[in-house]
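**Q** Fold the following for me, if possible:
(chains A and B)
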Number of protein chains: 2
Amino acid sequence: MQIGIRLDPDSRVPFYRQLYLRLREMIVSGELRAGERLPPSRQLAGRLGLNRTTVTAAYALLEAEGLIRGHVGRGSFVATGPALPALAWEKLLPPADLPPAPAPPGGPGLISFASSRPAEDLFPLEDLRRSAEEVLAGPDAAAILQLGSPLGYPPLRQYLAAEARKRGLLRDGDDVIVTSGCQQALDLLARVLVRPGDAVLVEDPVYPGLKNVFLRAGARVAGVPVGPGGIDLDELGRLLGRLRPRLVAVTPDFQNPTGATLEVHARQSLLRMVREAGAVLIENDIYGELRYDGAAQPPMKRLDESGDTVLVSSFSKAGFPGLRVGWVIAPKLLVARLAEAKQAADLHTDHLSQAVLLRFAESGRLAAHRERVRAAGAERLRALLGALEKHFPKGTFYSRPQGGMNVWVRLPGGLDAAGLLPRALAEGVAYLPGAYFEVSRRDPCALRLSFAGLPAERIRRGVEILGRLLRNELRHARGGEGYEPAPALV
Amino acid sequence: MQIGIRLDPDSRVPFYRQLYLRLREMIVSGELRAGERLPPSRQLAGRLGLNRTTVTAAYALLEAEGLIRGHVGRGSFVATGPALPALAWEKLLPPADLPPAPAPPGGPGLISFASSRPAEDLFPLEDLRRSAEEVLAGPDAAAILQLGSPLGYPPLRQYLAAEARKRGLLRDGDDVIVTSGCQQALDLLARVLVRPGDAVLVEDPVYPGLKNVFLRAGARVAGVPVGPGGIDLDELGRLLGRLRPRLVAVTPDFQNPTGATLEVHARQSLLRMVREAGAVLIENDIYGELRYDGAAQPPMKRLDESGDTVLVSSFSKAGFPGLRVGWVIAPKLLVARLAEAKQAADLHTDHLSQAVLLRFAESGRLAAHRERVRAAGAERLRALLGALEKHFPKGTFYSRPQGGMNVWVRLPGGLDAAGLLPRALAEGVAYLPGAYFEVSRRDPCALRLSFAGLPAERIRRGVEILGRLLRNELRHARGGEGYEPAPALV
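**A** The predicted structure is shown next:
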């Protein structure tokens, strides 16, 4: 072992102590590793021009501190620390009660319909760069880097409140809290409102991140079927009566995964039913800004004169999902509790992204970006629906959303979406099988195609490949016999 | 009401439908407010040069949709939505079981020792601006704005892993997960490891954000007293035996609020005791980088040859608390579970701050900043200790930390720190009373002075004001009688 040690002859610190401190530093910093042998005291003394007793004294101090250990006849070694009993992590950790999320398929050339996310090629990098620059050159820069409020960066909260008030989404009794994305908004709501054993109703199928939040909070989660016109109100009524849920979470616009939208009538009925059952209504408005077609429907938060509907939204889908900024608009009493939960969960939402997104929005860049995202989304949705019409076998059902990022497909002839996935991947196309979105009902023929992140040309190509695969599969399945399309199930 | 409506005579859409769609849009967007009266159909027809039946047809469509409501003899009104029973939020929300955090005292001119945070005047804004600029101009910019991994931004994870490996803090069996600050690291650990009713040991006094995380998870939290040399090992031994805790959380360097540091011997004993009790050891290393004086002590994670110690740290204290980026280094099995919990909690940590901090670190700017923060911290700590010596009454105990941001003070003569606070505030000085940090033991004479955020001159001035207040108080309390200092309690 070569030890780089220089002692200072002019120091008032005696040599043995200088040597002790230097060796100690090397051990504590990891420069000398556990188990490593120190040079014999005689040898080190010779090398440094010291008395051997000086080295021995330094070693003695280190040994007294437990940092080295002497073995008679073998020399001194950097202590390996106490031999500790290892923990049995398998026993300490609770059983994994949720199926793991499927690994996002990757690989160059893969046409992936698997992720409900915006297109990277549309990100206005220059606009975002300018927003960050303006924030960090602005008078608030130091405050932004400093610790903040669990309720959010005050100028962003004011902006969100003013925007929501303009749209009739924030009443005098309401308040806004900024969260680390929609996902955290749901998580904080679960932490504040759900006790183990409470029933929670969600749409079926549904984005699993929404379902899992309530399962993790110990809720009994039941699914209300979603058809092309949104949630099934008859079934909702039955479940409200039978389960007396504490909470109902609904995505009224372009629901993930079905793409379904609730008409205003249905919104009003749903609102009344949920309220009369004494349950809290959570309106997940994450896709609301992404309408490509048809008349806008009023958010339920706006239709609810009592103001009790809880609205969650974020900048992720029409902005940048990597910047984790969402929000909740809800009665003040609930927002105060969410702020307590937020403080315990992560103190507050990242300030840099809050400030940059505020600048991006206030400067008009967000509105311009949203227009581009909408135009691209409309084109991509048209491309997908056109390609499905052209390439998918007869008897396929697919939703025709007016916005958002997802189309829900149900295959004909009993074809199994999960079973076909490996073959689709082998041909260079990915999607998510319906099983991933199940709540109470199995639907093995279903799959989700997320189109927003893919250029139209790749969408058409991917659907063509899938269509060929499906037609081959059907031909094979019926072996030349007459083929009856399965009845539409949604 | 003035309605700005233009109908298009060249459109193929009939007038009644154009009018219906325009009014609908105004209602849905909030431009027409709930309860507002629509013009009488005859009047609107005249204004627009339409047949009255055209207007009546449009109104009928709106009414059928529930968007307006006609009242005989009074006209048509924008529907106020169904009159819904309001929710009884007081009953829906669980009782607030934790005392609210004290409002951070503010006001111009206030000398506040109340917040354990870095100094804003030291923030290297230009360096941070450059880091953000480089990130957003770099080849990874689009990927950074896109959805990411619950484990963290891969280049940052690699950087953290390499740094930790160099320092002997990451073994082959370990992994790193990036969190939204240290607070979330603790919260995720509680969510994965603590079941309701489990015992958890923390230091007493302790930063309440740490205690609250475990209380909210339903743990029975017990405090192990902290003296000038760190946690009391005898009491730790008794509590380990009596409570069989699942988890022990310790801040070995510059503990908040006491500033105490554990010596290497004590670390080794603690490690052995906790491990032999079968409990998980969480090492909160948040202040570790901020040593101003004395020899560095090896982190317990490094002393633990089994590798089972869980290390949590962040960029907050030596960097920027407003950028919420922390991390956990722990055995892979635990990290995998933390990633599941993280995905449900907020999908992943904000990408922009992860990337900007990585750039800030890799470019050497973090190291340069840390040096400035250390130099300022050392000067400020010296100023505080010197001023306490000079101005505080005899019999005051105060800790003499070798780093961090906090000094713990215990007042003589039974003075009540919480009781004195209003008078201190009236004289322009803020601090946090010890009660805020209590776990199992009351200590009304204690208070915390956080010095890192204040220039030395203001520290001296603030301590002088407090000292005068305390001496007056003592004079008043003993009314001229002989005064015995209270025995030191820590």
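
**Q** How about the residues of the stretch 301-450 of chain A by chain B?
**A** A:302-308, A:320-325, A:331, A:333-334, A:337, A:340-341, A:343-353, A:356 (Cβ under 8 Å from any Cβ of the partner chain). To be clear about C-beta, it is placed using only N, CA and C from the backbone, and glycine gets the same treatment.

**Q** In helices, which of these appear?
**A** Cross-referencing those against helices under DSSP state H gives A:302-303, A:333-334, A:337, A:340-341, A:343-346, A:351-353, A:356.

**Q** Where neighbours are concerned, which of these has the most?
**A** Counting neighbours by other Cβ atoms under 10 Å in any protein chain shown, A:S353 comes out on top of these with 30 neighbours.

**Q** What's the local residue count around A:R370?
**A** By other Cβ under 10 Å, neighbour count at A:R370 equals 16.

**Q** likewise A:R442?
**A** Neighbour count of A:R442, defined by other Cβ under 10 Å: 9.

**Q** Name the nearest residue to it, ignoring sequence neighbours.
**A** Using Cβ to Cβ, 6 or more residues apart in numbering or on different chains and skipping residues adjacent in sequence, the residue nearest A:R442 is A:A435, 7.4 Å away.

**Q** repeat for A:L62
**A** Closest residue to A:L62 apart from its sequence neighbours, by Cβ to Cβ, 6+ apart: A:I68 at 4.5 Å.

**Q** I'd like to know how far that neighbour sits from A:L23.
**A** Distance of A:I68 to A:L23, computed by Cβ to Cβ, to the nearest Å: 8 Å.

**Q** Now for these two: what residues contact both?
**A** Common neighbours of A:I68 and A:L23 (criterion: Cβ atoms under 8 Å, 6 or more residues apart in numbering or on different chains): A:L38, A:L62.

**Q** quick one, phi/psi of A:E25?
**A** phi -60, psi -40 (degrees, to the nearest 10).

**Q** can you check A:S76 too?
**A** phi -110, psi 140.

**Q** In this structure it contacts A:L67, no?
**A** No: using Cβ atoms under 8 Å, A:S76 makes no contact with A:L67, being 10.1 Å away.

**Q** which one of the two has more residues nearby?
**A** A side-by-side neighbour count of A:S76 and A:L67, using other Cβ under 10 Å, places A:L67 first with 24 against 20.

**Q** Helix, strand or coil: sort out the closest residue to the more buried one other than its chain neighbours for me.
**A** Distances taken as Cβ to Cβ, 6+ apart put A:I27 closest to A:L67, at 5.1 Å, once the chain neighbours are dropped. Classification of A:I27 using DSSP: H, G, I helix; E, B strand; the rest coil returns helix.

**Q** And the one 5 residues further on, by the same measure?
**A** When the structure is reduced to helix, strand and coil (three-state DSSP), A:L32 reads as coil.

**Q** From A:I5, how far off is it?
**A** 11 Å.

**Q** Relative to chain B, how far out is A:H391?
**A** From A:H391 over to chain B the distance is 28 Å, taken as Cβ to the nearest Cβ, to the nearest Å.

**Q** just A:G181 next, same as before
**A** 6 Å.

**Q** hang on, that residue packs against B:T349?
**A** No: counting by Cβ under 8 Å, A:G181 stays clear of B:T349, with 10.4 Å between them.
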